[in-house]
Every structure is written in structure tokens, then in C-alpha cells.
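Novice: Model the following, please.
(one chain, ligands or ions: 2)
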Amino acid sequence: MAGAWREGDPSGARQFLDLGPRQLELGGSLPGVRVAYETWGDPADPPVLVEHALTGDSHLFGAAGPGHPTPGWWAALEEQVSGYFVVCANVLGGCQGTTGPASAAPDGGPWGARFPEVTIADQVAVEVALADALGIDRWAAVIGGSMGGMRALEWAVAHPERVAQLFFLASGAVATADQIGTQTTQQAAVTLDPVGGLEVARRIAHLTYRSAFELQTRFGNEVQADGRFAVASYLEHHGTKLAGRFDPHSYVVLTQAMNTWDVGRGRGGVEAALARVTARSLVAGIDSDRLYRIGEQQRVADALGVPLRVVESPYGHDGFLVETAAVGALLRELLG
Ligand SMILES: CC(=O)SCCNC(=O)CCNC(=O)[C@H](O)C(C)(C)COP(=O)(O)OP(=O)(O)OC[C@H]1O[C@@H](n2cnc3c(N)ncnc32)[C@H](O)[C@@H]1OP(=O)(O)O
Ligand SMILES: N[C@@H](CCO)C(=O)O
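Specialist: Ligands and ions are numbered 1, 2, ... in the order given. This next block holds a predicted model:
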């Protein structure tokens, strides 16, 4: 096993677990999977799994490992999980160390567009193998927002006995037409031109991540000195940044996993699936989220029999990353 878990390593440095061949939910297979993950805290403390969103990775917070920027993407919430042993893994199909389209295929070249289709359930199955390898039978909590919320929910449904608490944020139980519509349009841009298309895809996506109110307040119809609309310049900036740090084929694979997301598939529908959850759950949404609308979290909260918690924010879907004080308070409430 490459890069075996170093017991007591508090550094957050990236580690690796190699798994054997995997059969995938939609019929494909992979000859082997490498999982990149990081841990923080004392392995003797209760374990918590944090699930990153679409373009996140295992570098959740603090203490940069080789090749990682610092701080991580949820650095502001490190305090909320002190006293826990925190695990965060790069997702199957990603491009930050876990097997994905940029990894080598059996012929030695990158998988690229040949990478098989993976689902949220496939991604969680890989995380189950990671938990087994780490000797973690039951998570004190599984936490996730957006695509990370899908994996958190899949954990709680597929393995209720292994999830004591669930934090489900700014996500849904099944992909909506709106989400599939924007994501397939983004995929089409990437398929036409991987690098330029990824920039365009991120611009389209970023629009859905923010609210019309916020964009209007920040940019209105302002034209910059360089002649560009300020809002266009802003979106271009986010597009360029993502194209500089993310693999285009991975973007397609991960957005496709979100397109096919349906926690009720093969389980008699969404409500029947959610009835399996035994975790103490906190379900929250962002009031201005136009992509994962509050009704989607309401449906999950209703099925789980818990009140929906609403974060008031002008930032839309990205509120799950930006509103660290409000989200941190909810997290603390759940974890105690
Ligand atoms: C968990 C995860 O899943 S993903 C990992 C974290 N996510 C990412 O890194 C994705 C990319 N980033 C984002 O989505 C967002 O930046 C967030 C959510 C992380 C943070 O959002 P905010 O703090 O509100 O930042 P905001 O969206 O305003 O962007 C600020 C950037 O826009 C730039 N910007 C602002 N106005 C303009 C403009 N008119 N023209 C060009 N650039 C502009 C700023 O200079 C700044 O650049 P920098 O990020 O390179 O420093
Ligand atoms: N900013 C988030 C948006 C998707 O939830 C990301 O890049 O992953």
C-alpha cells in the first residue's frame, strides 16, 4: 500500500491508498484506484469525514502538504472540528491525487475522455474502502456541501450504521433539470475545446453559484477601463483560474456524476431511500441559492424529520463556502 497512513500524523499532508479493481455502478470498471487523502488531529478522537465539492480536494485546512496551497478551502472551519480526527479525500474522478481522467490508463497514456462514467455511489464506495483501511467503522459525522453533500447523503443512506451524524448543506437528493441543463451545457463547451471550454464552463457555472442580487450590487452595468463589463471580467477571472488548476476531463466526469445523482435510484425513490437514514441530521440551505434551491433541502429535511436551517446570504450557492460564521455555527451545533 503506497503512502500508508502514518498514525498520529497531524500535518494534513497528502497520503495515498491503493485499491484493487473496481466495478462501477453504470457498468464500467477501473483496473485500480488510488485515493489521495489527508487527515488532521488525533486518530484516537472521534472520526469526521468532510466531503469536498466539485473543484475542491483533500486539502481542507491548515498545514500544507507537498503540492498544496495553504490554507485549504474550509480553513475557517478548522476550529469547529477541533477534538475530532478529520479525514478528507479527493473524490474518484477528481484531479488532485485520486484516480481520475488525468491518471494513467492501462496503455500508459492518460485516461482523458476514455475515463469510465462514475456515480456518487461509486465515489462513496471508494471512501468506504478508505474508511475500512483506516480502521474507521463509524463516522462521528459526515459533512458535505454541494457535491460533497451528495456524498454525505449517500453515506448516510447506503451505510446508516456507519454514520452517527450528518451535515447536509446546499445540496439535493436528486439532480434537477436546471442543474442537468447547466452542467450538460458546460460539458458541451469542454468537449468542443478542453481548455478554452473549461474557462467558459466555469463562467457559466460561476453565474449559477452567485445570486443576481449580489452581481447587480457588485457590478451593475459597470464598464471597466479596459472596455470589458466588470461582471464579464469577474467571470473570466474565475474561468481562467479554474482552467489553470483543474483537468477538463475531470470536470466532465464530476459534473456527469452530479447529473446522474439520484439517492433514490434502485431504492424505491428518494423518500424511501431517505427513510433508511438513522444519523442525527442537520440540513441547511442558503436562501439565495439559485442552483440548489431551498426546496431541495426542505425535501430532505422533511424526509429526515428535522427542521430546515436557512442561512441568509446574498452570495447564492457559494454561500456554503463564504458564510463561514453561519455555517460554522450550525456545524458546532451539530457536533456539540
Ligand atoms: C470546496 C470546494 O469545493 S471548491 C474549493 C474552493 N473553491 C474555489 O476555489 C472555487 C473558486 N472560487 C470561488 O468559487 C470563490 O472565489 C469562493 C467561493 C472560494 C470565494 O468567493 P469570494 O470570497 O466571494 O470571492 P469572489 O467570488 O468575490 O472572487 C474574488 C476574486 O475575483 C476577482 N475579481 C473581483 N472583481 C473582478 C473583476 N471585475 N475583474 C476580474 N477579477 C475580479 C478578485 O480579484 C478575486 O481574485 P482572486 O480570487 O484571484 O484573489
Ligand atoms: N465553488 C464550488 C462550487 C460548486 O459547489 C466549487 O468550485 O466546487
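
Novice: Identify the residue spatially nearest to the residue positioned nearest the centre of the chain, adjacent ones excluded.
Specialist: By Cα atoms, centre = their mean, the chain has its centre lying nearest to A53, at 2.0 Å. Closest residue to A53 apart from its sequence neighbours, by Cβ to Cβ, 6 or more residues apart in numbering: S146 at 3.9 Å. Placement of C-beta: from N, CA and C, glycine included.

Novice: burial count for the one you found?
Specialist: Neighbour count of S146, defined by other Cβ atoms under 10 Å: 25.

Novice: and the gap between it and G27?
Specialist: 27 Å (Cβ to Cβ, to the nearest Å).

Novice: Give me the domain ranges for this protein.
Specialist: Following the TED database, one gets these domains for the chain: 15-173+262-335, 179-253.

Novice: Mean pLDDT added to the ones you listed, as CSV?
Specialist: Formatted as CSV, these follow (pLDDT from 0 to 100):
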stretch, mean pLDDT
domain 15-173+262-335, 94
domain 179-253, 97
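
Novice: and those domains, which is most packed in?
Specialist: Per residue and on average, the most neighbours among the domains of the chain fall to domain 15-173+262-335, with a mean of 20 (mean count of other Cβ atoms under 10 Å).

Novice: touching ligand 2 at all, that one?
Specialist: Yes. Counting by Cβ under 6 Å from any ligand atom, ligand 2 has neighbours in domain 15-173+262-335: 53-56, 146, 318, 321.

Novice: ok, now how distant is the residue nearest to A53 from H52?
Specialist: Distance from S146 to H52, counting by Cβ to Cβ: 9 Å.

Novice: that older thread, among the residues of domain 15-173+262-335 next to ligand 2, which are in reach of ligand 1?
Specialist: The overlap between those and the neighbours of ligand 1 (Cβ under 6 Å from any ligand atom) comes to 53-56, 318, 321.

Novice: In contact with the residue lying farthest from the centre of the chain, which residues are there?
Specialist: In the chain, counting by Cα atoms, centre = their mean, A225 sits farthest out from the average C-alpha position, at 36.8 Å. A225 sits next to no residue when contact means Cβ atoms under 8 Å, 6 or more residues apart in numbering.

Novice: The stretch 201-336 of the chain against ligand 1: which residues are in contact?
Specialist: Proximity of the stretch 201-336 of the chain to ligand 1, by Cβ under 6 Å from any ligand atom, involves residues 230, 233-234, 237, 241, 318, 321-322.

Novice: Quick one: those as TSV, columns for secondary structure and distance to L334 too.
Specialist: Below are these laid out as TSV (DSSP: H, G, I helix; E, B strand; the rest coil; distance: Cβ to Cβ, whole Å):
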residue	secondary structure	distance to L334
A230	helix	39
S233	helix	39
Y234	helix	34
H237	helix	35
K241	helix	32
D318	helix	21
L321	helix	18
V322	helix	20
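
Novice: closest to V195 among the residues you listed?
Specialist: Within those, proximity to V195 (Cβ to Cβ) peaks at K241, which comes in at 13.0 Å.

Novice: correct me, but L335 touches Q165?
Specialist: Yes. Using Cβ atoms under 8 Å, L335 makes contact with Q165 at a distance of 7.3 Å.

Novice: quick one: common contacting residues for these two?
Specialist: Joint contacts of L335 and Q165 (Cβ under 8 Å, 6+ apart) are 140-141.

Novice: how about G148, secondary structure?
Specialist: Following DSSP: H, G, I helix; E, B strand; the rest coil, the label given to G148 is helix.

Novice: Point me to the residue of the stretch 201-336 of the chain nearest ligand 2.
Specialist: Y209 (5.1 Å; Cβ to the nearest ligand atom).

Novice: tell me the contacts of that residue?
Specialist: When contacts are taken as Cβ under 8 Å, 6+ apart, Y209 is in contact with 291, 316-318.

Novice: Now it: phi and psi?
Specialist: phi -80, psi -20 (degrees, to the nearest 10).
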